[in-house]
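> Just a sequence and a predicted model for now, questions to come.
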Amino acid sequence: MANADGGNRPATTAEKAYYARVMKVAAGAVPAGPPGWGLVEKTKIEELKWVSPSVDQGYYLGADYHVVWQNAAGRKKAEDATVQELFDNSQKPDAERDKLLKELERISAELGRAVERGDQGRVQQLGEEADEVSRKIEALNNTQAEKEDEIGIRNRPHDTTLGIDVWVNTHITLPARAKALEPPVAGAQALRTEGEFLREKGWQEGCMYVFLGSFWADGVSQYLGQTPDLRLGLPPTQIQSIVVVVQADPARAQAVLRQIDWAALKGLLAN
């Protein structure tokens with residue numbers, strides 16, 4: 001917590017010590033980034049000053065560590081290829097769309113004349129024709145957008161981003177969107193989500209989730225998930241759950257998981 005907004009209270013000496021220890025262990029458990037890759041995001045570890053009043057109401061004190069590296073050269077190569085193909089695609093003649101635009105222009109001009117004449121019947125007829133042509137143009141635009149998405153997927157920057165998160169005492173249900181369990185990692189249950197292309201963000205690598213501590217699997221929905229099964233009545237600094245998330249190309253994610261200091265993280269659960 002960074003400030004006292006919303007009724008936050010000052011952290012106690014014990015809470016400050018807990019947070020400092022957890023963040024130090026989390027940062028130390030994460031391996032270094034791939035050679036030649038640039039560090040683009042990293043949690044700045046500072047003294048805990050404020051905590052939510054929820055910790056006095058039965059909730060546990062959480063801590064999150066986050067770091068991201070990127071292969072800038074690889075991303076630029078993929079982005080340049082995408083931009084070039086999108087440009088080439090935009091320059092291709094589209095006779096059908098041009099024909100519809102001219103038809104819409106003709107209808108609009110005739111509609112204006114009908115309005116001037118006060119011919120309401122013709123105005124209504126032309127309005128309906130304009131709507132129909134507009135729908136056809138919109139359908140073509142949607143098809144074009146789908147082609148652009150295909151270009152983005154085809155040229156997606158493969159294996160250029162690595163993100164690692166360590167979430168301690170998380171309270172939220174994690175919809176991992178995975179349909180099958182992965183082999184256990186360091187003796188802990190693991191799930192993986194698949195990568196996906198988002199038009200506004202580009203290609204997003206899938207994630208490996210590794211669950212340490214108190215969790216139960218949600219087998220009700222079509223996707224597996226995890227929810228922390230925290231015991232009540234313990235001190236807020238009692239660590240009951242740790243989630244490690246590695247967002248990366250599948251092969252790289254597996255390599256990173258082998259480098260994480262799982263013994264150090266599991267040691268937090270023994271506090």
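Sure thing, it's come through.

> which residue ranges form the helices in the stretch 1-150 of the chain?
Taking DSSP state H, counting those that start in this stretch as the test, the helices found in the stretch 1-150 of the chain are 13-29, 72-90, 95-117, 120-154.

> For residue 230, grab phi and psi.
Phi and psi for residue 230, reported as degrees, to the nearest 10, are phi -80, psi 140.

> out of the helices of the stretch 1-150 of the chain, which comes closest to residue 254?
Closest to residue 254 of the helices of the stretch 1-150 of the chain is helix 13-29 (C-beta to C-beta; 16.9 Å). (Each C-beta comes from the backbone N, C-alpha and C, glycine too.)

> Enumerate the positions of the closest one that are buried.
Residues of helix 13-29 classed as buried by neighbour count (16 or more other C-beta atoms under 10 Å): 15, 18, 19, 22, 23, 25, 26, 29.

> One more: stretch 131-147?
Residues 133, 137 are the ones in stretch 131-147 that count as buried (16+ other C-beta under 10 Å).

> give me the beta-bridge partners of the residue nearest the centre of the chain?
Centroid check for the chain by C-alpha atoms, centre = their mean gives residue 204 as the closest residue, at 7.0 Å. Beta-bridge partners for residue 204, by DSSP bridges, are residue 196.

> Endpoint to endpoint, stretch 84-97 covers what distance?
This stretch, stretch 84-97, spans 22 Å end to end (C-alpha to C-alpha, to the nearest Å).

> meant to ask about stretch 186-201, not that
Chord length of stretch 186-201, first to last residue, is 32 Å (C-alpha to C-alpha).

> give the contact list for residue 169.
Contact analysis of residue 169 by C-beta atoms under 8 Å, 6 or more residues apart in numbering lists 60, 61, 62, 63, 228, 230, 239, 240, 241, 242.

> do the same with residue 94
residue 140.

> what's the answer for the one 10 residues further on, then?
Taking C-beta under 8 Å, 6+ apart as the contact definition, residue 104 lies against 130, 133, 134, 137.

> Recalculate using a threshold of 6 Å.
residue 133 (C-beta atoms under 6 Å, 6 or more residues apart in numbering).

> just to revisit the earlier point, which one among the buried residues of helix 13-29 gets closest to residue 208?
Set against residue 208, the nearest of these by C-beta to C-beta is residue 29 (15.0 Å).

> Show the pLDDT at the residue lying farthest from the centre of the chain.
What lies farthest from the middle of the chain is residue 117; by C-alpha atoms, centre = their mean that is 56.5 Å. On pLDDT, residue 117 comes in at 90.

> go on, the one 5 residues further on?
Reading off the per-residue confidence, residue 122 sits at a pLDDT of 90.

> Residue 31 now?
The score at residue 31 is 98. That number is its pLDDT.

> neighbours around the closest residue to it other than its chain neighbours, how many?
Counting by C-beta to C-beta, 6 or more residues apart in numbering, residue 259 is the residue found nearest to residue 31 once chain neighbours are left out, at 3.8 Å. Neighbourhood size, residue 259 [other C-beta atoms under 10 Å]: 11.
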